[in-house]
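Peer 1: okay, sequence plus prediction incoming.
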Protein chains: 2
Amino acid sequence: MRIGELADRACVSTRALRYYEEQGLLRSSRTAGGQRVYPQSAEDRVRLIRELYTAGLTSRVIASLLPAIDARHVGPELLARLLDERARTTAKIAELQAAGQRLDALIALATHPDSDSCPATLDQAAASSSAP
Amino acid sequence: MRIGELADRACVSTRALRYYEEQGLLRSSRTAGGQRVYPQSAEDRVRLIRELYTAGLTSRVIASLLPAIDARHVGPELLARLLDERARTTAKIAELQAAGQRLDALIALATHPDSDSCPATLDQAAASSSAP
DNA sequence: TTTGCCTTTGACGTTGACGTCAAGTTCTAG
DNA sequence: CTAGAACTTGACGTCAACGTCAAAGGCAAA
């Protein structure tokens, strides 16, 4: 398939696909006229790339990960980075959960009849940073 | 206190503090000479701002949230946005958890003796996008 | 008063993952 | 064979949250 179809299938822009190729994340063969041609498997590949991006990894890190995934072999150097990224991801999740609770408190503030009934929630929303 | 001390206390740069003020997130009074002066409470304020940033909110959204937090009253318009942000946060957490599992699979690939023992994990790492 | 750190505004630089526009080329349906 | 959709490379634009540098002025201690 050509770039437009892949873009549709994988729900990304053609610009993104060219960018991925430029970053060494995605390969393509070419027609006689120079247009990119992709195999069916490219769709999954792009979804994998997207997922790694979503995980907060940069293109450079992803570029170093993909060969390891393909070869099903991870070296010690890469392992260190993986553990690092894993920790980062765990931390991010915790931060997002904390933020989610804060948003919940604000939502409760709007949906509950009155604030007088439960001032503790408000305090939590306005002064959680004072916790050790 | 002046800007340097607040920066130290809240663990942010002075540039960030000026930026927050520029974005309407933080206020300050001034000395006769024009230097910024902050009350003690500013430290908590900055930490709150940082936390909201960490939650993935933009300065514009935070600027609209802070008055609601201060007044302890959330209007229906803001509530809609809050619910939206809450959903976004939930989705992000789910994505990060999925990415975390993917990273775990890669880590297992590196730390386990051999890949032959458990190819299922590898498949999961390489083809999770094919799941419905 | 002088030393010297702190602060001011202004403005340009950075980073990442693309968006967008332009000018030209290729492919495909009819 | 021809219209026009799809594709090519190249290059500049974007956005957010600051970093960084410069020139000038404020402030506290000796």
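Peer 2: Everything's here; your move.
Peer 1: quick check: chain neighbours aside, which residue is closest to the spatially most central residue of chain A?
Peer 2: By C-alpha atoms, centre = their mean, the mean C-alpha position of chain A lies nearest to residue A:54, the distance being 0.7 Å. Of all residues not flanking residue A:54 in the chain, residue B:95 sits nearest, at 4.8 Å (C-beta to C-beta, 6 or more residues apart in numbering or on different chains). (C-beta placed from N, C-alpha, C; glycine too.)
Peer 1: that neighbour in helix, strand or coil?
Peer 2: Put simply, residue B:95 is helix when judged by DSSP: H, G, I helix; E, B strand; the rest coil.
Peer 1: low pLDDT regions in chain A?
Peer 2: A:113-132 (pLDDT under 70).
Peer 1: per-domain residue ranges of it.
Peer 2: Listed domain ranges for chain A are A:3-71, A:76-130 (source: automatic domain parsing).
Peer 1: and those domains as JSON lines, adding distance to residue B:88?
Peer 2: Below are the domains of chain A laid out as JSON lines (distance: least, C-beta to C-beta, whole Å):
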{"stretch": "domain A:3-71", "distance to residue B:88": "13"}
{"stretch": "domain A:76-130", "distance to residue B:88": "10"}
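Peer 1: looking at the ones you listed, which is nearest to DNA strand C?
Peer 2: When those are compared by C-beta to the nearest atom of the strand, domain A:3-71 sits nearest DNA strand C, at 2.3 Å.
Peer 1: surely the residue nearest to residue A:54 meets residue A:55?
Peer 2: Yes - counting by C-beta atoms under 8 Å, residue B:95 does reach residue A:55; the two are 7.3 Å apart.
Peer 1: can I get the domains of chain A in JSON lines with distance to DNA strand C?
Peer 2: What follows is those, written out as JSON lines (distance: least, C-beta to the nearest atom of the strand, whole Å):
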{"stretch": "domain A:3-71", "distance to DNA strand C": "2"}
{"stretch": "domain A:76-130", "distance to DNA strand C": "12"}
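Peer 1: ok, which of these comes nearest residue B:4?
Peer 2: domain A:76-130 (20.3 Å; C-beta to C-beta).
Peer 1: residue B:95 and residue A:55: which has the busier surroundings?
Peer 2: Taking neighbours as other C-beta atoms under 10 Å in any protein chain shown, residue B:95 and residue A:55 compare with residue A:55 leading, 22 against 16.
Peer 1: need the residues of chain A near DNA strand D, please.
Peer 2: A:2, A:3, A:4, A:5, A:7, A:14, A:18, A:34, A:35, A:36 (C-beta under 7 Å from any atom of the strand).
Peer 1: who's in contact with the third one?
Peer 2: In other words, residue A:4. The contact partners of residue A:4, by C-beta atoms under 8 Å, 6 or more residues apart in numbering or on different chains, come to residue A:14.
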